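# this one's sequence-less:
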């Protein structure tokens with residue numbers, strides 16, 4: 001696929017929309033983009049100047065400029081002005097965004113006729129309650145109103161927006177909040193472990209019921225002996241199970257000690273006791289507590305799900321008990337057991353127990369998957385190739401042009417370029433509601449060609465065929481800097497590319513809630529320290545981390561520092577890069593001498609466990625992108641860069657996919 005045409009199509013469309021022809025020479029596209037960005041920023045500061053913005057009226061983003069200006073003073077926007085805006089941009093994402101900020105303002109003013117006149121269906125529960133308030137205030141609280149209000153009451157056991165409080169007050173006054181409905185929400189709130197919601201829902205119950213409901217809420221908050229005197233009915237048993245399950249997460253030891261007395265007093269069913277034992281086992285094994293195996297064995301097989309099956313196998317693995325690990329894997333359901341991860345580990349456990357011949361067919365099955373464990377299986381077999389089945393679609397120029405010229409896609413690309421990612425995603429999502437599978441994929445190509453790489457990650461992979469779009473799903477940018485800094489630090493460049501893909505999806509402006517910045521998500525303190533260590537003279541503080549070359553230089557040097565600290569072992573380094581030094585040191589001390597694949601699988605943090613496997617799998621795929629072949633993943637995770645490389649093939653019966 002030639003990337004240039006899609007980019008040009010979007011640019012040509014924008015030029016047409018701005019009224020700037022190829023021979024006009026009035027303004028360059030870049031100059032107009034910069035002007036629009038500045039105009040939006042001025043509008044947000046209350047400095048919107050219609051005269052200065054007159055040249056932008058035909059720009060595709062002019063609606064967003066108006067939106068920025070209107071939003072700043074949303075409480076003073078007149079109905080006429082708002083309705084004019086909604087009419088002009090009807091059907092566009094900017095109209096939906098405006099309605100979502102304007103209607104709450106209308107509701108605050110209690111301008112109910114205006115709210116109803118401009119209402120549009122939404123999943124926003126606060127706005128739905130505002131609309132019910134408007135209907136009630138204008139005499140339209142009919143049977144349908146009652147039904148819709150009750151549906152919101154029933155919709156969740158969690159807290160609802162404040163706008164719903166007056167709705168429920170009116171519903172109660174109309175007799176629409178029966179004791180049965182109140183108990184229904186109390187039960188749902190108990191299941192959601194929300195004692196405050198339980199207390200709120202109980203208001204309005206008869207005194208005796210109110211007292212019992214508050215006692216229930218107190219138990220969910222913190223189990224106590226009051227439950228021993230509860231009515232011996234199904235509700236009491238349900239609430240007790242919810243409260244004990246909540247306690248198990250914080251204190252599985254106390255929960256195990258207390259369960260028998262509540263089980264006996266309330267006659268908890270075997271299934272309810274199993275639910276609590278499940279939570280006791282889960283929150284014990286999540287830290288590999290000393291009672292893990294015993295508590296796992298106390299959970300009936302009927303209460304096991306995929307999550308607990310994995311933990312049972314992982315716990316036995318963490319103790320080096322290979323027969324128990326094998327037995328745990330073989331208790332998994334067929335879908336889970338046939339996944340390449342557990343096919344691989346079933347083979348490994350057979351290998352570990354001296355049954356190599358039984359392991360070989362399982363390794364062969366696992367090796368058909370283009371995953372971390374599939375690549376490991378191929379290494380165990382000594383195969384010279386890895387499975388990879390990439391697809392490179394060939395679309396007609398007309399199909400490409402249709403998507404690239406879609407007005408919402410054009411707006412999305414321009415918003416992305418001026419760093420308005422939230423608005424860009426709104427336009428993107430609006431466009432995708434109208435696109436079929438092929439158009440969605442072409443849209444991802446347009447995004448890629450405009451430097452918006454994460455659209456492939458968030459918009460593809462919905463089907464096995466889309467998982468094979470490796471060139472889209474694994475973008476490659478700044479490869480010269482990646483190769484240069486990797487060589488300087490003796491780091492595998494495919495690993496660096498994999499880190500960037502996992503950390504930022506090649507967005508140089510990425511910033512995490514923890515303030516990690518740029519392509520490799522470097523913290524400012526780390527950036528300053530590493531820059532000083534490597535003598536990076538042009539480092540200008542945290543803002544420099546948004547520069548791609550600087551970020552790659554610092555991030556790669558930091559990987560080398562970690563590699564030196566962790567004895568040149570990439571798999572430990574990757575864990576430390578994600579989780580930090582303290583948990584990594586704990587995992588090392590708990591399982592010294594473990595084989596790398598087993599050490600990775602027994603990492604107690606789900607995020608880090610999956611992160612390490614993902615980075616190593618991504619590294620293989622980026623090796624394919626950079627070089628056409630790959631360093632074996634077994635050598636890669638051990639830091640051996642000089643091993644014989646593997647080619648890629650696509651067996652006809654391969655499990656298609658990737659990460």
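Good, I have the coordinates. Since the structure is predicted, the reported quantities are computational estimates derived from the model, not experimental observations. Numbers count the residues shown, from 1 in each chain.
# from now on I want contacts and neighbour counts done on CA atoms only, so please keep to that.
Fine.
# contacting residues for the closest residue to residue 72 other than its chain neighbours?
Leaving aside its chain neighbours, residue 72 sits nearest to residue 44 (6.0 Å; criterion: CA to CA, 6 or more residues apart in numbering). Counting by CA atoms under 8 Å, 6 or more residues apart in numbering, residue 44 makes contact with 68-69, 72.
# low-confidence ranges in the chain?
The chain contains residues with pLDDT under 70 at 1-29, 653-659.
# what about 80?
Low-confidence segments of the chain (pLDDT under 80): 1-31, 52, 652-659.
# can you show me the helices along the stretch 101-250 of the chain?
Assigned by DSSP state H, counting those that start in this stretch, the helices in the stretch 101-250 of the chain fall at 112-117, 125-137, 143-154, 164-173, 179-191, 195-202, 207-221, 234-250.
# list the buried residues for the shortest one?
Buried residues in helix 112-117, defined by neighbour count with 16 or more other CA atoms under 10 Å: 112, 114-116.
# which of those residues sits closest to residue 509?
Among the buried residues of helix 112-117, residue 115 lies closest to residue 509 (CA to CA), at 38.3 Å.
# which residues touch that closest one?
Residues near residue 115 by CA under 8 Å, 6+ apart: 103, 106-107, 131, 134.
# repeat for residue 459
By CA under 8 Å, 6+ apart, the contact set of residue 459 is 440-441, 444.
# the stretch 501-650 of the chain: helices as residue ranges?
Remark: helices assigned in the stretch 501-650 of the chain by DSSP H, counting those that start in this stretch are 524-534, 548-565, 570-579, 581-590, 596-601, 606-627, 633-637.
# dump these into JSON lines; add mean neighbour count as well.
Putting the helices of the stretch 501-650 of the chain into JSON lines (neighbours: other CA atoms under 10 Å) gives the following:
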{"stretch": "helix 524-534", "mean neighbour count": "17"}
{"stretch": "helix 548-565", "mean neighbour count": "22"}
{"stretch": "helix 570-579", "mean neighbour count": "22"}
{"stretch": "helix 581-590", "mean neighbour count": "14"}
{"stretch": "helix 596-601", "mean neighbour count": "19"}
{"stretch": "helix 606-627", "mean neighbour count": "21"}
{"stretch": "helix 633-637", "mean neighbour count": "21"}
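# need those helices in a markdown table with distance to residue 301, can you?
Shown next, in a markdown table, are the helices of the stretch 501-650 of the chain (distance: least, CA to CA, whole Å):
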| stretch | distance to residue 301 |
| --- | --- |
| helix 524-534 | 47 |
| helix 548-565 | 43 |
| helix 570-579 | 33 |
| helix 581-590 | 29 |
| helix 596-601 | 23 |
| helix 606-627 | 23 |
| helix 633-637 | 35 |
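# so which of those helices is nearest residue 323?
Nearest of these to residue 323, taken as CA to CA: helix 596-601 at 14.4 Å.
# packing partners of the closest one?
helix 306-318, helix 606-627 (3 or more CA pairs under 8 Å, 6 or more residues apart in numbering; DSSP states H and E).
# nearest to residue 507, of the helices of the stretch 101-250 of the chain?
helix 125-137 (32.7 Å).
# follow-up on the earlier one: which one of the buried residues of helix 112-117 sits closest to residue 501?
Using CA to CA, residue 115 comes nearest to residue 501 of the buried residues of helix 112-117, at 44.4 Å.
# give me the neighbour count for residue 383.
By other CA atoms under 10 Å, 15 other residues sit near residue 383.
# helix or strand for it, just tell me which one.
If you go by DSSP states H and E, residue 383 is not part of any helix or strand.
# swap in residue 261?
For residue 261, the host element (DSSP H and E) is helix 252-266.
# contacts for whichever helix or strand comes after that helix, please.
Downstream of helix 252-266, the first helix or strand assigned by DSSP H and E is helix 270-285. Residues outside helix 270-285 that contact it (CA under 8 Å, 6+ apart) are 237-238, 241, 244-245, 248-250, 252-253, 255-256, 259, 263, 291-293, 295-296, 298-300, 303-304, 308, 311, 315.
# in helix 270-285, what counts as buried?
Using 16+ other CA under 10 Å as the test for burial, helix 270-285 gives 272-285.
# what does stretch 91-99 give?
92-96, 98-99.
# give me the buried subset of the contacts of helix 270-285.
Of these, these count as buried by 16+ other CA under 10 Å: 237-238, 241, 244-245, 248-249, 252-253, 255-256, 259, 263, 292-293, 295-296, 299, 304, 308, 311, 315.
# if any of the contacts of residue 44 are buried, give me the ChimeraX selection for them.
Buried members of the contacts of residue 44, defined by 16+ other CA under 10 Å, are picked up in ChimeraX with:
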select :68,69
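# which one of the contacts of residue 44 is nearest residue 420?
Nearest to residue 420, judged by CA to CA, of those is residue 68 at 11.5 Å.
# pull out the buried members of the contacts of residue 115.
When neighbours are counted using 16+ other CA under 10 Å, these contain these buried positions: 103, 106-107, 131, 134.
# same list (the helices of the stretch 101-250 of the chain) but as JSON lines, adding distance to residue 368.
Shown next, in JSON lines, are the helices of the stretch 101-250 of the chain (distance: least, CA to CA, whole Å):
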{"stretch": "helix 112-117", "distance to residue 368": "57"}
{"stretch": "helix 125-137", "distance to residue 368": "46"}
{"stretch": "helix 143-154", "distance to residue 368": "47"}
{"stretch": "helix 164-173", "distance to residue 368": "53"}
{"stretch": "helix 179-191", "distance to residue 368": "42"}
{"stretch": "helix 195-202", "distance to residue 368": "49"}
{"stretch": "helix 207-221", "distance to residue 368": "48"}
{"stretch": "helix 234-250", "distance to residue 368": "38"}
